[in-house]
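Colleague: I would like the atomic coordinates for the input below:
(one chain, ligands or ions: 1)
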Amino acid sequence: MADFSLSQEHQMVQKMVREFAQKEVAPVIKECDRQQQMAEFVLPRMGELGILGICLPVKYGGQGMDYIALGLACEELEVVDTSLRVVMSVHVGLNSMALFQWATEEQKHRFLTPQAQGKKIACFGLTEPGAGSDVSAIISTARLDGSEYVLNGEKMWISLATKAHHCLWVGRTNRADDPHENLSAFLVELNYPGVTTGDIHGKLGVRAGSTGWIAFQDVRVPVANRIGEDGEGFKIAMSCLDNGRYTVASGATGLIRASLEASIRYAKERRAFGREIARMQLVQQKIAKMVQSYEMARLLYLRAGWMKNQGLRNTRETSLAKWFATDASFEAANEAVQIHGAYGYSDEYDVERYLRNSKGAVIYEGTSEIHQLMQAGYALGYRADAPLRCELPAYDPTFWSV
Ligand SMILES: Cc1cc2nc3c(=O)[nH]c(=O)nc-3n(C[C@H](O)[C@H](O)[C@H](O)COP(=O)(O)OP(=O)(O)OC[C@H]3O[C@@H](n4cnc5c(N)ncnc54)[C@H](O)[C@@H]3O)c2cc1C
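Modeller: Next comes the predicted model:
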């Protein structure tokens with residue numbers, strides 16, 4: 001029986017992350033967004049506070065908390081800015097959790113431990129200029145040459161591309177004809193010769209975050225850096241998304257909360273036709289919808305987190321949580337701008353940033369259209385999840401804390 005009450009430890013995580021985001025980041029976030037730059041202190045400070053290894057066992061440099069704690073942290077971070085939660089999505093969800101799930105013990109000690117400790121920053125390289133939703137269109141290649149693979153290709157729209165030390169990279173090893181079967185995953189250190197990176201400027205949102213490209217030209221990567229078996233890259237990438245989408249869902253829940261709180265504050269301050277606009281029923285309708293969205297999004301991500309804790313496969317539930325929360329956060333931010341009227345249209349208030357930031361999440365980690373196809377596929381019986389060779393381990397407080 002699922003129990004969604006928060007333990008004392010969960011509440012401590014919420015408080016710690018909330019204080020970091022509200023006291024340290026909130027005062028500078030507007031300027032970072034204007035300058036289109038991530039504040040220098042953000043990544044080291046998140047590492048120092050243990051946020052970057054929150055749900056990983058102490059044995060691998062983590063904090064020994066469960067997957068619900070990860071969701072709560074993402075919610076608190078995104079109340080202040082989406083760029084903070086994106087760090088969690090790529091560093092923790094798409095990379096570190098995949099290493100925890102799929103890497104060998106030796107690889108965990110070499111790559112996961114410094115990532116969980118925040119000493120190394122990690123990103124995830126799946127998307128290419130010609131391959132987004134359709135992963136089978138990936139054309140990057142990894143050719144085996146003795147004890148090394150030689151990597152070529154370009155990855156596009158990669159969060160933290162210019163900040164990361166490690167990239168979980170997916171490309172073709174030409175093992176088989178099936179476009180899904182011949183993908184493999186590698187942990188590539190971004191200081192290897194042949195790697196170049198750059199930032200993408202002029203983004204609609206997540207401007208206080210880092211998004212870029214990574215080019216690989218004859219990059220020699222030891223076989224020992226291959227994660228999983230040759231040909232297992234597609235399965236690994238999809239399992240990464242199960243974890244990344246969970247962080248997006250919980251983060252977007254925080255963005256709904258931020259829109260709701262800002263709307264309540266403003267609606268009680270602003271007067272029109274002789275009374276607070278909060279008294280107008282059409283404004284109340286928007287507030288009521290945000291309350292409904294927040295509660296539903298929260299329950300959906302808590303259920304997915306609970307399933308992860310139990311070691312239950314949660315691709316369907318996580319997809320539903322991500323789809324619902326991101327669509328709802330876009331709608332909530334849009335209505336928050338509407339409630340703020342013209343003031344919501346300028347960066348004097350935070351809600352315009354919420355609206356710009358909310359759009360990305362309905363595109364990355366599966367567009368809303370892809371999630372609808374997934375949900376319809378499950379409902380119609382056209383889609384089912386086969387067991388994986390390595391499932392994400394169920395949360396075990398004893399194993400996690402030693
Ligand atoms: C801010 C940001 C950060 C990102 N970070 C990362 C990252 O760290 N790592 C990474 O690998 N990628 C990252 N991405 C890329 C992201 O995952 C892709 O943008 C996403 O998968 C969609 O791919 P696409 O942009 O190529 O769109 P396309 O796949 O070309 O889709 C274009 C449109 O067609 C629709 N469409 C496509 N196929 C179908 C279909 N079968 N049925 C109905 N509609 C369909 C889509 O829903 C969309 O509306 C990031 C993107 C953004 C915006």
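Colleague: and Gln372, how many neighbours?
Modeller: 14 (other Cβ atoms under 10 Å). For the C-beta atoms, the positions are set from N, CA and C on the backbone; glycine is no exception.
Colleague: Tyr246 is in contact with Leu300, isn't it?
Modeller: No. Taking contacts as Cβ atoms under 8 Å, Tyr246 lies outside contact range of Leu300: 10.2 Å.
Colleague: More neighbours: the two, which one.
Modeller: For Tyr246 and Leu300, the more surrounded residue by other Cβ under 10 Å is Tyr246, and the numbers stand at 31 against 22.
Colleague: If you count neighbours, what's buried in the helix or strand containing the more buried one?
Modeller: Take DSSP states H and E as the rule and Tyr246 turns out to sit in helix 233-269. Buried residues in helix 233-269, counted by 16 or more other Cβ atoms under 10 Å: 233-237, 239-260, 262-264, 266-267.
Colleague: For the closest residue to the ligand within the stretch 1-150 of the chain, which non-adjacent residue is closest in space?
Modeller: As assessed by Cβ to the nearest ligand atom, the ligand sits closest to Gly132 within the stretch 1-150 of the chain, at 1.9 Å. Spatially, and ignoring its direct neighbours in sequence, Gly132 is nearest to Trp157 (7.7 Å; Cβ to Cβ, 6 or more residues apart in numbering).
Colleague: Direction included, what does the host helix or strand of the one you found pair up with?
Modeller: Assigned by DSSP H and E, Trp157 falls within strand 148-159. For strand 148-159, the paired strands and their directions (DSSP bridges) are strand 141-145 (antiparallel), strand 211-222 (antiparallel).
Colleague: Now do the buried residues in it.
Modeller: Within strand 148-159, the residues scored as buried using 16+ other Cβ under 10 Å are 148-159.
Colleague: Nearest to Val58 among the strands paired with strand 148-159 would be which one?
Modeller: strand 211-222 (27.9 Å; Cβ to Cβ).
Colleague: Tell me the gap between that closest one and the middle of its chain.
Modeller: 22 Å (Cα atoms, centre = their mean, to the nearest Å).
Colleague: Mind checking if that strand is in reach of the ligand?
Modeller: Yes. Judged by Cβ under 6 Å from any ligand atom, strand 211-222 comes into contact with the ligand at Thr211.
Colleague: pLDDT averaged over that strand, what's the number?
Modeller: For strand 211-222, mean pLDDT is 98.
Colleague: ok, residues contacting stretch 330-348?
Modeller: By Cβ atoms under 8 Å, 6 or more residues apart in numbering, the residues outside stretch 330-348 that reach it are 30, 33-34, 255-256, 259-260, 262-263, 266-267, 270, 277, 283, 286-287, 289-290, 293-294, 349, 351-355, 357-359, 361-362.
Colleague: and that stretch, how far apart are its ends?
Modeller: For stretch 330-348, the first-to-last residue distance is 20 Å (Cα to Cα, to the nearest Å).
Colleague: Would it count as contacting the ligand?
Modeller: No. If you take Cβ under 6 Å from any ligand atom as the test, stretch 330-348 misses the ligand, and the best it gets is 13.2 Å.
Colleague: Stretch 66-83 now?
Modeller: No. Counting by Cβ under 6 Å from any ligand atom, the ligand has no neighbours in stretch 66-83; the shortest distance is 8.9 Å.
Colleague: quick one: that stretch to chain centroid distance?
Modeller: Worked out by Cα atoms, centre = their mean, stretch 66-83 lies 10 Å from the chain centre.
Colleague: again with stretch 127-136
Modeller: Its chain's C-alpha centre and that of stretch 127-136 lie 18 Å apart, by Cα atoms, centre = their mean.
Colleague: Equivalent analysis for stretch 352-361, please.
Modeller: Worked out by Cα atoms, centre = their mean, stretch 352-361 lies 15 Å from the chain centre.
Colleague: what's the following helix or strand after the helix holding Tyr246?
Modeller: Counting by DSSP H and E, the next helix or strand C-terminal to helix 233-269 is strand 271-272.
Colleague: before we move on, the earlier item: name the stretch among the strands paired with strand 148-159 that sits most buried.
Modeller: Stretch with highest mean neighbour count among those: strand 211-222 (a mean of 19; mean count of other Cβ atoms under 10 Å).
Colleague: residues in the stretch 51-200 of the chain within reach of the ligand, list them.
Modeller: By Cβ under 6 Å from any ligand atom, the residues of the stretch 51-200 of the chain that approach the ligand are 90, 123-127, 132-134, 157-159.
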